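In: Dropping the sequence and predicted coords here.
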Amino acid sequence: LTVKIMLETLYCRIISKAYFVRYPYIVVDNSNDNIEETLHESERFRDFFCAGVALNSEQALDMILENQPEVVFINIEPVNQKNDISLAIIGQLHQFLDKLPLFVVLADSQKYAYDAIKAGAFGYLLKPVQKIDLIKCLLKVQKARNIPFRIEKENFIPAQVPENTENTELPEALTRICIK
């Protein structure tokens, strides 16, 4: 019985991966509060999942090479100044990868915005990260990487009703279209 359950679970995972492709991201930060905030805000995007959290540049480099994520959220103003989190990681990745992940820089001020642009960062978000700013950023990522955006089931778009149906009532199922 347990073998049957394990096989069914494995089958469901394979099927779900085939139909619902998810894209990895990595968070590079050394503050638990910042990491939790970033993870919490990005939970609503079911097309993305957290592949890992790195506390310094060395861990980040290893994790990026291993997982090859679509997005890397990097805090360049670390709480602990002993950690070497910096934009230099982008330059190091050019040695190993042809297609780099898109880097989204997180910072407390606009102080490092110019440096981030020079290094090739895709986005720059001010902390605390506002939900709408993260939504806009991930939508830009989806557009840049041609990732289809799936709308939640409860978001319906009313269907166009033909003009020649003045007095006919259409069934409820035909008046709304669900985008998956």
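Out: Done, it's in.
In: what residue ranges in this protein score low on pLDDT?
Out: Under the criterion of pLDDT under 70, the regions of the chain flagged as low confidence span 1-21, 78-83, 149-180.
In: What are the neighbouring residues in contact with residue 103?
Out: 71, 72, 74, 87, 90, 116, 119, 120, 121, 122, 123 (CB atoms under 8 Å, 6 or more residues apart in numbering). Where you see a C-beta, it was placed from the backbone N, CA and C, and this is true even at glycine.
In: What about the last one, how many residues nearby?
Out: Residues contacting residue 123 under the criterion other CB atoms under 10 Å number 20.
In: Which stretches in this protein count as strands?
Out: Per DSSP state E, the chain has strands spanning 23-28, 48-54, 71-75, 102-107, 123-126, 156-158, 176-178. These are given in chain order.
In: Tabulate the contacts of residue 103 (TSV), appending distance to residue 97.
Out: Written out in TSV, the entries for those read as follows (distance: CB to CB, whole Å):
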residue	distance to residue 97
71	14
72	12
74	16
87	16
90	10
116	19
119	15
120	13
121	16
122	15
123	19
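In: What about those residues, which one has the most neighbours?
Out: When neighbours are counted by other CB under 10 Å, residue 72 leads these with 27 neighbours.
In: Name all residues that make contact with that residue.
Out: By CB under 8 Å, 6+ apart, the residues touching residue 72 are 25, 26, 27, 28, 60, 64, 101, 102, 103, 104.
In: The first one reaches residue 64, doesn't it?
Out: No. Because the distance of 10.5 Å does not satisfy CB atoms under 8 Å, residue 25 is recorded as not touching residue 64.
In: Quick check: the gap between the nearest residue to residue 69 once chain neighbours are set aside and residue 71.
Out: Closest residue in space to residue 69, ignoring its immediate chain neighbours: residue 24 at 4.1 Å, by CB to CB, 6 or more residues apart in numbering. Plainly put, residue 24 is 8 Å away from residue 71 if you go by CB to CB, to the nearest Å.
In: what is in contact with those two at once?
Out: Common neighbours of residue 24 and residue 71 (CB under 8 Å, 6+ apart) are residue 48.
In: follow-up on the earlier one: shared neighbours, residue 25 and residue 64?
Out: Contact with both residue 25 and residue 64 is made by residues 72, 101, according to CB under 8 Å, 6+ apart.
In: ranking the contacts of residue 72 by neighbours, who comes first?
Out: Using other CB under 10 Å as the neighbour definition, the contacts of residue 72 reach their maximum at residue 28, which records 30 neighbours.
In: With residue 125 as the reference, measure out to that residue.
Out: From residue 28 over to residue 125 the distance is 13 Å, taken as CB to CB.
In: For this structure, just list every one of the helices.
Out: Taking DSSP state H to define them, one finds helices in the chain at 2-19, 32-42, 57-67, 88-93, 113-119, 131-144, 172-175.
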